[in-house]
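>>> Got a sequence here, can you build the structure:
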Amino acid sequence: MKKIDGETILKKLGEAIRLDEESFPPLSSRSVFEMLVATVLSQNTNDKNTARTVRRLRDTIGITPDSISKAGLRELKSAIRTSGLYNVKARVLKKLARIVVKNYGGNIEKVFEKPLEEARRELRSLPGVGPKTADVILLFAGGKKTFPIDTHVFRVSRRLGLIGLRDGYEEAREKLMKTFPPDSYLKAHLLLIEHGRKTCRARKPLCWSCVLLEHCFFGQDLLKGET
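As a prediction, the model looks like this:
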């Protein structure tokens, strides 16, 4: 079986999947800081909870570095309670907001003026910001050529053989950035996530209806085992 290429994945998934911005909270954010907050809130919870929490936080406290840095911790915890792990996240958001006010004058967009890897390192130094969050901000808001990887992207990419079973985040990112054309990174990222949610699921994947089945050893082996 020939290894599938990025263009084929984009074509087949693009024809099968309709992307909806509401399914990806960072896309509907009203500012880069709000996108950063939404990404932090999305950790260890689902997108519906994240979207609901972002709306509540926006309506009660506001999502700006100034409003969050000045908000009481109890008030902030109450506003983000639906996101899960709200005690930890509230403290992280307070620290994050204060740093953005102090170091960036409230304008985190200044980081986009720096080269990609320098901007990644700087974002990753912020509280609650890991490699995926940094890459989401840089790709979605900064238009930087990077590739965020979440659990869905990891799973789909491993099953298709695009990355190795033991590849960590940085190894997987490097390989996917070589697989897909740079101008398609955002679309590819979103399509892989949606494919992982709807078809290439962790449990009971719907391999029989997968548009990439002919290129997937995992799916073909799984279906053979069911016959």
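>>> Where does the residue lying closest to Lys187 once chain neighbours are set aside fall, secondary structure wise?
Closest residue to Lys187 apart from its sequence neighbours, by Cβ to Cβ, 6 or more residues apart in numbering: Leu10 at 6.6 Å. The C-beta positions use only the backbone N, C-alpha and C, and glycine is treated the same way. Secondary structure from DSSP states H and E places Leu10 in helix 6-16.
>>> Please name every helix or strand in contact with that helix.
helix 185-198 (3 or more Cβ pairs under 8 Å, 6 or more residues apart in numbering; DSSP states H and E).
>>> switch to 10 Å and redo it
Here helix 6-16 touches helix 151-159, helix 169-179, helix 185-198, going by 3 or more Cβ pairs under 10 Å, 6 or more residues apart in numbering; DSSP states H and E.
>>> Out of these, which gets nearest to Thr60?
Of all the helices and strands packed on helix 6-16, helix 185-198 sits nearest to Thr60, with 28.8 Å by Cβ to Cβ.
>>> gap between the closest one and the chain center?
10 Å (Cα atoms, centre = their mean, to the nearest Å).
>>> After that helix, which helix or strand is next?
helix 217-226.
>>> my guess is Ile80 contacts Gln43, does it?
No: between Ile80 and Gln43 there is no contact under Cβ atoms under 10 Å: 11.6 Å.
>>> and for those two, which residues touch both?
Overlap of the contact sets of Ile80 and Gln43 (by Cβ atoms under 10 Å, 6 or more residues apart in numbering) consists of Thr50, Lys89.
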